[in-house]
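Chemist: quick one, what's the 3D model for this:
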Amino acid sequence: MARLPYLEADQVAPEYRDMLKRNTNLHKLLVNSPEMARAFNGIGGYIRFKSKLDPRLRELAILQVGWMEKSEYEFTHHVKIGREFGVTDKDIAGLMAETEGKPSKLEPLAKAILKGAREMVRELAMADATFAEIKKISPTSTWSISCSPSPSIAAWCACSPP
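Modeler: Residues are numbered from 1 along each chain as shown. Have a look, this model is predicted:
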């Protein structure tokens, strides 16, 4: 149960109603603090629409965090989003297997990104060896890691061409 109300468009000032275009409980909650919601939407928009990381891999990293944190809302929400970007049932089964330390049929880059996401959740940092593995598999890109209080954003890996 949320500690703040889920606000509808008619309950916020007109200049903030655009932040409720996505009709999710997250947005309805965040708009209790409109300027913070606008900042959050900015980083979310960047991650979703401007990041150079393959969107399927991005969604797998977010799903990994949702699965580890047992966040039903985040996991189910990003399964739906992930489907838009090519995440399959086999990908999700692979994610679950990798989380349990079992082999999967995921490609090496997906495995490495999921490993990095797990490390970010468990250790709050990606191991140097994992980072090197990602760079070795994908040498044409430079990788940076975004750390934030949000577990899914903390595990998000952004790739930008050199």
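Chemist: hmm, residue 24 and residue 73 touching each other?
Modeler: No: Residue 73 is beyond contact range of residue 24, at 9.1 Å (criterion: C-beta atoms under 8 Å). The way it works is simple: take the backbone N, C-alpha and C, and place the C-beta from them, glycine included.
Chemist: hmm, residue 55 is touching residue 87, no?
Modeler: No: here residue 55 does not reach residue 87: they are 9.0 Å apart, not a contact under C-beta under 8 Å.
Chemist: looking at the two, which is more packed in?
Modeler: It is residue 87, of residue 55 and residue 87, that has more neighbours when counted by other C-beta atoms under 10 Å, with 23 against 17.
Chemist: so that one belongs to a helix, correct?
Modeler: No: according to DSSP: H, G, I helix; E, B strand; the rest coil, residue 87 belongs to no helix; its state is coil.
Chemist: at the geometric centre of the chain, which residue sits there?
Modeler: Per C-alpha atoms, centre = their mean, the C-alpha nearest to the average position across the chain is that of residue 62, at 3.1 Å.
Chemist: could you point out the helix or strand that follows the lengthiest helix in the chain?
Modeler: If you go by DSSP state H, the chain has its longest helix at helix 108-123. On the C-terminal side of helix 108-123, the nearest following helix or strand under DSSP states H and E is helix 128-137.
Chemist: in that following helix, what counts as buried?
Modeler: 130-131, 133-134 (16 or more other C-beta atoms under 10 Å).
Chemist: show me the helices in the protein, by range?
Modeler: Using DSSP H, helices in the chain cover 25-30, 34-45, 55-68, 72-84, 89-99, 108-123, 128-137, 151-155.
Chemist: circling back to that earlier point, quick check: mean pLDDT of the longest helix of the chain?
Modeler: Across helix 108-123, the average pLDDT comes to 92.
Chemist: could you shift the numbering so residue one becomes 121, and keep it that way?
Modeler: Right, with 121 as the first residue, what we last looked at is helix 228-243.
Chemist: any idea of the angle it forms with helix 175-188?
Modeler: Per axes from the mean of the first three to the mean of the last three C-alpha atoms, to 10 degrees, the angle that helix 228-243 makes with helix 175-188 is 30 degrees.
Chemist: so what does helix 228-243 touch, helix or strand wise?
Modeler: Other elements packing on helix 228-243 under the criterion 3 or more C-beta pairs under 8 Å, 6 or more residues apart in numbering; DSSP states H and E are helix 175-188, helix 209-219, helix 248-257, helix 271-275, strand 277-280.
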